[in-house]
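Engineer: sequence and predicted structure below; questions after.
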Amino acid sequence: MRRGVRSPAPSNEQLAGSALQRRVEALLERMTLEEKVGQLAQYSVGTPTGPGTGRSDYETLVRTGAAGSMLNVVGAQETNRYQRIAVEQSRLKIPLLFGFDVIHGYRTTMPIPLGMAASFDPALVEQAMHLAATEAAAEGIRWAFSPMVDIARDPRWGRVAEGSGEDPFLGAAMARAYVRGYQGPSLSESTSVAASVKHFAAYGAAEAGRDYNTVDMSEVSLRQVYLPPYQAAIEAGSATLMSAFNTLNGVPATANAHLLTAILREEWGFNGFVVSDWTAVAELKNHGIALDGPSAALKALSAGVDMDMESHLYAPELPRLVREGKLPMAVVDEAVRRVLRVKFALGLFENPYVDEKAAAYVATPEKRELARRMAEESIVLLENKGGVLPLAPGRKVALVGPLADAPVDMLGTWNGKGDPRDAVTLRAALEHRLRGTPGALRHARGTDVLSADSSGFAEAVAAARASDVVIAALGEDTNMSGEAASRTRIDLPGNQLQLLEALAATGKPVVLIVFSGRPLALTDAQRHVAALVQAWQPGIEAGPALVNLLWGDVDFSARLPITFPRSLGQVPLYYNHLNTGRPASQTDLTRPASNGAEKYVSRYLDERNTPLYPFGHGLSYTTFDFSPPQPSAPSLQARAVRGQRGEVLRVKTRVRNTGTRPGTVVAQLYLRVLGASTAQPVRQLVGFQRVTLAAGESRELEFPLGFQELSFFDARATRTVEPGTRYDLWVGDSSEATQHASFTLE
Ligand code: BGC
């Protein structure tokens with residue numbers, strides 16, 4: 001049964017093409033069992049990205065046809081070297097497929113994915129990832145382990161940096177953008193790389209935000225919140241998918257037939273192949289569902305994991321299992337077909353090598369410009385008290401903090417082949433900006449990211465006193481987020497808050513720039529500052545992008561893709577929550593209630609329910625207003641809406657720039673379904689558009705709401721719409737938008 005599959009994406013179609021199938025079958029017929037299994041084995045050569053497995057016989061593995069893929073081989077010469085062994089020395093001459101963690105750039109490092117999601121600009125993300133693909137493919141890497149689309153609601157989890165935040169609608173839009181960017185119009189183009197949507201599924205819901213931890217959730221939440229971005233990536237044609245480390249409702253994702261076969265293949269019609277995450281097949285033993293290596297291999301392959309990344313179990317165990325009659329040959333054949341299809345579709349048989357001279361990296365102005373635009377669109381203005389920003393020309397600046405001049409910390413986690421020497425820091429960019437005015441810039445480090453030593457404070461305070469404005473560059477270093485980088489504290493690390501307090505005590509306005517791979521709890525920091533800018537890890541153009549924004553050459557247009565809590569105790573905190581039966585009527589209680597009416601409600605004694613900054617929030621240098629949303633009809637027939645070709649409701653609104661400068665707003669449409677058979681979130685994003693308007697200019701916007709946007713999951717976890725429901729709509733520039741309208745489904 002195939003539910004909900006839209007028209008197949010080019011690469012998914014390509015993988016199903018009959019000419020390609022014939023080539024696959026012809027090759028499969030000639031393969032020995034060992035050669036078949038070799039295609040299902042992937043080895044890491046070079047710097048490992050997981051626990052090392054200590055092998056060194058890679059050339060022999062390739063020569064004997066015992067390796068189908070390699071990861072972490074970097075450089076055109078190296079990929080060509082291994083490829084030559086495969087194509088010229090192995091019996092069947094099947095090319096290797098080289099994979100790599102191309103996550104937010106290959107050499108030209110863009111902002112971390114959480115930052116790119118803040119752009120709400122899938123078209124630009126697509127361009128950025130196409131550049132990444134071009135650079136990787138030039139070195140023979142035709143497979144990116146990306147996009148990482150795990151919805152994440154817990155900022156303790158370090159891998160929140162790698163995804164697009166907490167929202168399924170935004171996550172799905174970003175997932176499509178990455179896949180299109182990597183795969184281009186056809187996988188066979190020499191600049192295309194196969195995408196690998198990961199980590200399937202629900203890895204982002206790891207308990208307590210601790211990496212690799214257990215996930216337990218209802219099928220309704222799985223489908224409504226967590227699956228949409230994976231499905232969007234598959235519909236966009238992602239040629240491969242990576243299974244996750246976690247258990248899901250007791251079954252490890254890497255042996256989970258419900259996910260890998262029933263949902264992925266039977267419902268979504270996926271034609272590509274599935275790779276395990278690093279040693280995840282062997283980890284089935286730690287999960288306690290496999291007694292030994294052979295049973296781990298058997299369970300993973302049978303559930304739908306086609307390729308074994310670094311467990312080194314498929315190659316030795318699968319042939320024996322087949323010979324002992326425990327594993328049907330047909331299961332092995334099917335996995336091999338899936339892998340070969342992708343290799344054929346990529347054109348690897350025709351063009352196995354890359355041109356080593358052409359692969360040399362050139363940092364063209366166009367690449368840097370794309371990185372700068374991406375950074376400008378990802379940096380969020382959270383606070384601007386008294387209009388301290390944009391900075392006026394001629395102001396003397398004290399630049400303080402451990403991240404003011406830290407190139408490596410601009411790159412962020414999984415920075416591929418990124419080079420800190422390419423990164424322009426805030427200090428370098430400010431020196432350039434203020435070069436004509438002697439004495440306009442004072443720089444003091446103040447402290448380190450993780451330090452208790454305050455001996456540098458005095459110099460920083462002196463710089464602040466001698467200046468008109470302080471720019472404080474604080475936050476986390478690159479290694480504090482990403483894989484295996486969960487934290488139990490999410491405030492500014494070390495003594496950075498104390499440094500900030502010392503700076504604020506000078507009375508000079510402080511502009512705080514936070515570099516981090518996750519939302520930090522900025523409640524205390526926020527009290528001391530005039531402006532607060534969330535910069536994430538912005539990539540190689542960090543400094544120039546920030547300077548353009550701070551001086552107002554470019555407007556701030558980014559919006560938060562994830563909620564910023566007031567304190568860690570509120571976590572998980574996300575905007576699209578259910579209402580509960582006892583919602584707090586005042587969400588902003590500042591004092592504990594005594595015995596009054598507000599006691600028996602869903603709240604804390606010592607903290608408000610609301611976030612410090614909500615999903616979708618971000619300021620601009622101008623202001624916007626929205627007219628109330630106008631649905632094209634006051635009511636629709638539920639049965640007319642059903643299905644992919646059902647009726648579409650159109651919602652109009654007019655947005656106006658009410659300020660005195662041009663600016664960009666992210667118009668956001670939210671809805672709530674009332675009266676349905678399952679409780680629905682208080683709000684969920686169902687549309688967004690970036691709109692740039694001159695001062696005083698207005699524009700009418702239209703958002704289509706079809707079955708996909710209007711439907712939800714009933715108690716049997718089936719996507720549906722129901723008669724007798726009311727839809728509340730809000731439009732505006734954050735998840736707290738107030739312009740409102742309703743319509744009904746009859
Ligand atoms: C990560 C994956 C990554 C793989 C290969 C694993 O540890 O979880 O996201 O793609 O390593 O480097």
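Structural biologist: Sure thing, it's come through. Computed from a predicted structure; not experimentally measured. Residues are numbered from 1 along each chain as shown.

Engineer: from here on, just use CA atoms for contacts and neighbour counts.
Structural biologist: Fine.

Engineer: what parts of the stretch 101-250 of the chain come near the ligand?
Structural biologist: Neighbours of the ligand within the stretch 101-250 of the chain, by CA under 6 Å from any ligand atom: 101, 145.

Engineer: same thing but 8 Å
Structural biologist: 101, 145-146, 148, 198-199, 242, 244-245 (CA under 8 Å from any ligand atom).

Engineer: which residues touch the residue minimising distance to the centre of the chain?
Structural biologist: Among the residues of the chain, the one closest to the centroid is Gly163, at 1.9 Å (CA atoms, centre = their mean). Going by CA atoms under 8 Å, 6 or more residues apart in numbering, Gly163 touches 113-114, 147-152.

Engineer: and the gap between it and Tyr43?
Structural biologist: Separation of Gly163 from Tyr43 (CA to CA, to the nearest Å): 25 Å.

Engineer: also Arg661?
Structural biologist: Taking CA to CA, one finds Arg661 at 55 Å from Tyr43.

Engineer: the more surrounded of the two?
Structural biologist: Comparing Arg661 with Tyr43 by other CA atoms under 10 Å, the one with more neighbours is Tyr43, at 25 against 16.

Engineer: show me the contacts for the closest residue to the more buried one other than its chain neighbours.
Structural biologist: Using CA to CA, 6 or more residues apart in numbering and skipping the chain neighbours, the partner closest in space to Tyr43 is Met70 (4.8 Å). Neighbouring residues of Met70 by CA under 8 Å, 6+ apart: 42-45, 96-99.

Engineer: how about 7 Å then?
Structural biologist: 42-45, 97-99 (CA atoms under 7 Å, 6 or more residues apart in numbering).

Engineer: might one say that Val686 is in contact with Leu669?
Structural biologist: Yes. Here Val686 reaches Leu669: they are 5.7 Å apart, a contact under CA atoms under 7 Å.

Engineer: higher neighbour count, those two?
Structural biologist: Leu669 (26 against 21).

Engineer: can you list phi and psi of the residue of the stretch 51-200 of the chain found nearest the ligand for me?
Structural biologist: Nearest residue of the stretch 51-200 of the chain to the ligand: Phe145, at 4.9 Å (CA to the nearest ligand atom). Torsion angles at Phe145 (phi, psi; degrees, to the nearest 10) stand at phi -80, psi 70.

Engineer: number of residues surrounding it?
Structural biologist: For Phe145, using other CA under 10 Å, the count is 23.

Engineer: check contacts around it.
Structural biologist: Going by CA under 7 Å, 6+ apart, the list of residues near Phe145 reads 99-102, 195-197.

Engineer: go again with 8 Å.
Structural biologist: Taking CA under 8 Å, 6+ apart as the test, what Phe145 contacts is 99-103, 195-198, 242.

Engineer: try Ala244
Structural biologist: 198-203, 253-254, 276-277, 280.

Engineer: give me the nearest residue to it, chain neighbours excluded.
Structural biologist: His199 (4.4 Å).

Engineer: output the helix or strand encompassing the one you found as PDB, nothing but the C-alphas.
Structural biologist: If you go by DSSP states H and E, His199 is part of strand 196-200. Provided in PDB are the C-alpha atoms of strand 196-200 (Å, rounded to 0.1, in the frame of the first residue of the first chain):
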ATOM      1  CA  SER A 196      21.300  10.500   2.600                       C
ATOM      2  CA  VAL A 197      18.500  11.700   4.800                       C
ATOM      3  CA  LYS A 198      19.100  10.800   8.400                       C
ATOM      4  CA  HIS A 199      18.800   9.500  11.100                       C
ATOM      5  CA  PHE A 200      15.700   7.400  10.600                       C
END
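
Engineer: distance between it and the chain's centre?
Structural biologist: 11 Å (CA atoms, centre = their mean, to the nearest Å).

Engineer: need the phi and psi values for the residue nearest to the centre of the chain.
Structural biologist: Taking degrees, to the nearest 10 as the convention, Gly163 sits at phi -110, psi -170.

Engineer: any idea what Ser196 is bridged to?
Structural biologist: Bridge pairing for Ser196 (DSSP bridges) gives the partners Thr240.

Engineer: from the contact counts, what lies against the strand holding His199?
Structural biologist: When contacts are defined as 3 or more CA pairs under 8 Å, 6 or more residues apart in numbering; DSSP states H and E, strand 196-200 packs onto helix 227-235, strand 240-243.

Engineer: show the average pLDDT along the first one.
Structural biologist: Here helix 227-235 scores 98 as its mean pLDDT.

Engineer: ditto for the shortest one
Structural biologist: In this model, strand 240-243 has an average pLDDT of 98.

Engineer: which strands or helices does it pack on?
Structural biologist: Using 3+ CA pairs under 8 Å, 6+ apart: strand 240-243 touches strand 196-200, strand 273-275.

Engineer: so can I have JSON lines of those showing distance to Pro614?
Structural biologist: Listed next are these as JSON lines, based on distance: least, CA to CA, whole Å:
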{"stretch": "strand 196-200", "distance to Pro614": "26"}
{"stretch": "strand 273-275", "distance to Pro614": "36"}
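
Engineer: what comes up buried for the helix or strand following the strand holding His199?
Structural biologist: For strand 196-200, the succeeding helix or strand toward the C-terminus, using DSSP H and E, is helix 219-221. Neighbour counts over helix 219-221 (16 or more other CA atoms under 10 Å) mark 219-220 as buried.
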